[in-house]
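K.L.:
Sequence plus the predicted model coming up.
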Amino acid sequence: MISALELRRQFLHMAFGIFLVTMLYFHFFNIYHLIGILILGLIFSRLCKSYTIPLASWVMEKFERPENRKTFPGKGPIFFTIGSIIVVYFFPLKIALASIIILTLGDALSHIFGKLLSRKTYKYLKSVEGTIAGIAFSFFGALLFVNVFAALSGSLLSMVLETLKLDYIDDNLLVPVTAALIMSIF
């Protein structure tokens, strides 16, 4: 079963990703806006470690995992933004948008469906059921921006990599970069 905190976190993850994709798609944001968001996120993260910042501290309390509140508040959105900056800088906009939507939908929904549907625990893998859901949702999201082969290959390979329990690289970096590299082939 999924906790209320994790459900809130995943919905915020999707809202943030959809917001970024929308702003980039309609050219309201560019890479400099993303860099600005990253800088603000890093500043608030640092401040929230030591001080109570009215809105930011409330967000951290409602949406941040307890283990990250004292060590690295806002870790998820910060790495999400870094992953978005990388793909926006190095890849064509449609591929960047598709890879961000794969991260947005695939990562969040694989976690939700994995917690709701999976009955098995694996040592090095997240759930198979969640991965299948993540592939399906991210595939349909990516289709908004790229062709069917690019959407399928980008979703499939990045979600399979996201399934691995890797401690040394954040999936908010791994998923969009992998998706963009794979989709750029097509």
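P.N.:
Thanks, I have the structure now. Since we're looking at a predicted model, the values are computed, not measured.

K.L.:
just how off-centre is the one helix or strand in the chain whose mean pLDDT sits lowest within its chain?
P.N.:
One helix or strand of the chain scores below all others by mean pLDDT, DSSP states H and E: helix 66-69, with a mean of 81. The chain centroid and the centroid of helix 66-69 are separated by 18 Å, computed with CA atoms, centre = their mean, to the nearest Å.

K.L.:
can you pull the buried residues of that helix?
P.N.:
Arg69 (16 or more other CB atoms under 10 Å). In this view, the C-beta of every residue, glycine as well, is placed from N, C-alpha and C.

K.L.:
For whichever helix or strand comes after it, name the packing helices and strands.
P.N.:
For helix 66-69, the succeeding helix or strand toward the C-terminus, using DSSP states H and E, is helix 75-90. Under the contact criterion of 3 or more CB pairs under 8 Å, 6 or more residues apart in numbering; DSSP states H and E, helix 75-90 touches helix 4-25, helix 31-50, helix 93-101, helix 171-185.

K.L.:
circling back to that earlier point, with just CA atoms, put the least confident helix or strand of the chain into PDB.
P.N.:
Extracted C-alpha coordinates of helix 66-69, given in PDB (Å, rounded to 0.1, in the frame of the first residue of the first chain):
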ATOM      1  CA  PRO A  66      11.600  12.700   6.500                       C
ATOM      2  CA  GLU A  67      15.200  11.400   5.800                       C
ATOM      3  CA  ASN A  68      15.700  14.200   3.300                       C
ATOM      4  CA  ARG A  69      14.300  17.100   5.400                       C
END
